[in-house]
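Undergrad: Show me the folded form of this:
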Amino acid sequence: MMGPDALADLLARLCPMHLMLDEEGVIRDVGPTLQKLRPDAPMQGRRFLDLFDLTRPRAVPRFSDLLAEPGVKLNVVFRDTPHTALKGQLAVIPGGAVVALSFGISLLDAVRDYALTSADFAATDLAIELLYLVEAKSAAMEASRQLNQRLQAARISAEEQAFTDTLTGLKNRRAMDHVLTRKSGVGLCYSVMHIDLDFFKQVNDTLGHAAGDYVLQQVARVLVEETRREDAVARVGGDEFVVVFDNLTDRPRLRRIALRLIERLEQPMQFRGRPCAISASIGIAPSVEQPDCAPAELLRRADLALYTAKRAGRATFRFFDPHSCAAEVETAPTARMGPPRLG
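TA: Numbering: from 1, shown residues only. Now for the predicted structure:
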C-alpha cells in the first residue's frame with residue numbers, strides 16, 4: 001500500500017492542483033500549481049472551508065458532510081482576492097480525502113493573473129492544447145484585424161479618390177451631387193455659388209497647361225481659405241467651381257464673399273516668374289428663395305446667374321431672381337470687359 005508521502009509525490013506529478021485533507025478538512029498536502037496561486041500564504045495546515053467558499057454543493061456546514069458524499073463535484077472560490085473560481089472533485093481516502101481542482105472556464109484568466117506556464121500543468125492536461133489553440137486564434141484574429149484595417153484604409157482611399165479632384169484636392173462633381181442630395185433630403189438651408197474663371201483659356205494658350213494647372217490649384221486654395229469647414233468646395237469642370245454654403249442664405253453675406261473672391265482672384269499669380277492674370281464671374285442661388293427646388297434645378301439657376309454675370313462684363317456676380325426668372329446683375333467695383341491688369 002502506498003504511503004502518504006509517496007501518494008503526495010504521485011499527485012504532485014499527475015495532479016499539480018490537488019489537496020490532501022484529513023478527516024477534519026485540514027490541508028495536509030497541496031499541489032505545487034495550486035500553492036503558486038497563493039505564493040505568500042501557505043495552504044498547508046489551513047482548513048479547506050476557511051480557504052475556499054463552497055458554491056457547489058450549497059449549504060454544507062461541516063466538512064464531514066462532504067465526506068459523506070464520495071465523488072461529489074465541487075465549485076469553490078478563494079475567499080481572499082483574487083477570487084479565482086475553481087472546479088473540482090472530492091475522493092474519499094483512508095484518513096481523509098483528496099480534492100482534485102482545475103480552472104475550468106477561468107483558465108485563461110488564471111494563466112494571465114498568475115503567470116502560469118506549461119510546466120504548471122500535468123503533461124496529459126488538455127489545458128495545454130487549449131492554450132495553444134487560444135494563442136493560434138489570437139494570432140489569427142490579430143492578422144485578420146490588421147487585414148481588415150488595411151482593407152478599410154484601401155476602401156476609404158478609393159472612396160476619397162472617387163470623390164476628389166486629383167489636381168486641386170477639392171471635391172469633384174460626383175461628390176458635389178452627393179452633398180446637394182443630402183442637404184436637400186433633410187430640408188437644410190444652403191446656397192449654391194457657381195464660379196467660372198475669366199480669361200483662363202488665354203493663360204493655357206500663352207503660358208501652357210502647366211501654368212493653367214498652377215492657376216487652378218491657386219484658385220482652389222483661395223476658395224478653401226474664403227469658406228468655412230462646413231462648406232463644400234468642388235471643381236466641377238475645367239475652370240468651373242461650385243461652393244455649397246451650409247446654412248447660409250443671407251444675401252449681404254453672400255455678396256461680401258463674392259466680392260472678396262473676385263478681388264483675390266484678380267490678383268496676378270506668378271508662375272515661373274510670369275504673371276497669370278484671370279478674374280472670376282459668379283452666379284448665386286440661395287435655396288431659401290426656392291424652398292421646393294431640387295438640387296439639380298438650384299444648380300441650373302446658379303448657372304443661369306453665372307451666364308448673366310458673364311454677359312454683364314465678367315468679374316461680376318449676380319443672384320438668380322426666382323420671381324421674374326431674370327438676372328439681378330450686381331457688378332463688382334472692379335468689373336471690366338478685358339483681362340485684369342498685370343502688376
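Undergrad: how about the strands of the stretch 151-300 of the chain, start to end?
TA: Taking DSSP state E, counting those that start in this stretch as the criterion, the stretch 151-300 of the chain contains strands spanning 190-198, 232-235, 240-246, 269-271, 274-276, 279-286.
Undergrad: Quickly run through the sheet partners of the first one, with directions.
TA: Looking back up the chat, that one is strand 190-198. With DSSP bridges as the test, strand 190-198 is paired with strand 240-246 (antiparallel), strand 279-286 (antiparallel).
Undergrad: quick revisit: got CSV for the strands of the stretch 151-300 of the chain, with mean pLDDT, mean neighbour count and distance to Ser138 too?
TA: All C-beta spots, glycine's among them, are computed from the backbone N, C-alpha and C. Putting the strands of the stretch 151-300 of the chain into CSV (pLDDT from 0 to 100; neighbours: other CB atoms under 10 Å; distance: least, CB to CB, whole Å) gives the following:
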stretch, mean pLDDT, mean neighbour count, distance to Ser138
strand 190-198, 94, 25, 49
strand 232-235, 95, 24, 44
strand 240-246, 95, 23, 46
strand 269-271, 92, 15, 57
strand 274-276, 92, 17, 59
strand 279-286, 94, 27, 57
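Undergrad: Need these in TSV (columns: distance to Ala41).
TA: As requested, the strands of the stretch 151-300 of the chain are arranged in TSV below (distance: least, CB to CB, whole Å):
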stretch	distance to Ala41
strand 190-198	71
strand 232-235	67
strand 240-246	66
strand 269-271	80
strand 274-276	83
strand 279-286	78
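Undergrad: rewinding a little: export the strands paired with strand 190-198 to TSV and tack on distance to Asp205?
TA: Rendered in TSV, the data for the strands paired with strand 190-198 read as follows (distance: least, CB to CB, whole Å):
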stretch	distance to Asp205
strand 240-246	18
strand 279-286	17
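Undergrad: measure Arg58 to Asn75 for me?
TA: Separation of Arg58 from Asn75 (CB to CB, to the nearest Å) stands at 9 Å.
Undergrad: again but with Gly95, I slipped
TA: Computed with CB to CB, the distance linking Gly95 and Asn75 is 25 Å.
Undergrad: Now do Ala110 against Leu37, distance only.
TA: From Ala110 over to Leu37 the distance is 8 Å, taken as CB to CB.
Undergrad: ignore the last one, Val26
TA: For Val26, the distance to Leu37 under the criterion CB to CB works out to 19 Å.
Undergrad: Please apply the same query to Leu151.
TA: For Leu151, the distance to Leu37 under the criterion CB to CB works out to 43 Å.
Undergrad: And Arg47, by the same measure?
TA: When distances are taken as CB to CB, Arg47 and Leu37 turn out to be 17 Å apart.
Undergrad: So for these two, which residue has more residues nearby?
TA: Leu37 (21 against 14; other CB atoms under 10 Å).
Undergrad: Let me see the contact set for that one.
TA: Contact analysis of Leu37 by CB atoms under 8 Å, 6 or more residues apart in numbering lists Phe78, Thr84, Ala110, Tyr114.
Undergrad: three-state assignment of the spatially closest residue to Asp29 that is not a sequence neighbour?
TA: Closest residue to Asp29 apart from its sequence neighbours, by CB to CB, 6 or more residues apart in numbering: Met20 at 3.9 Å. The three-state assignment at Met20 reads strand, by DSSP: H, G, I helix; E, B strand; the rest coil.
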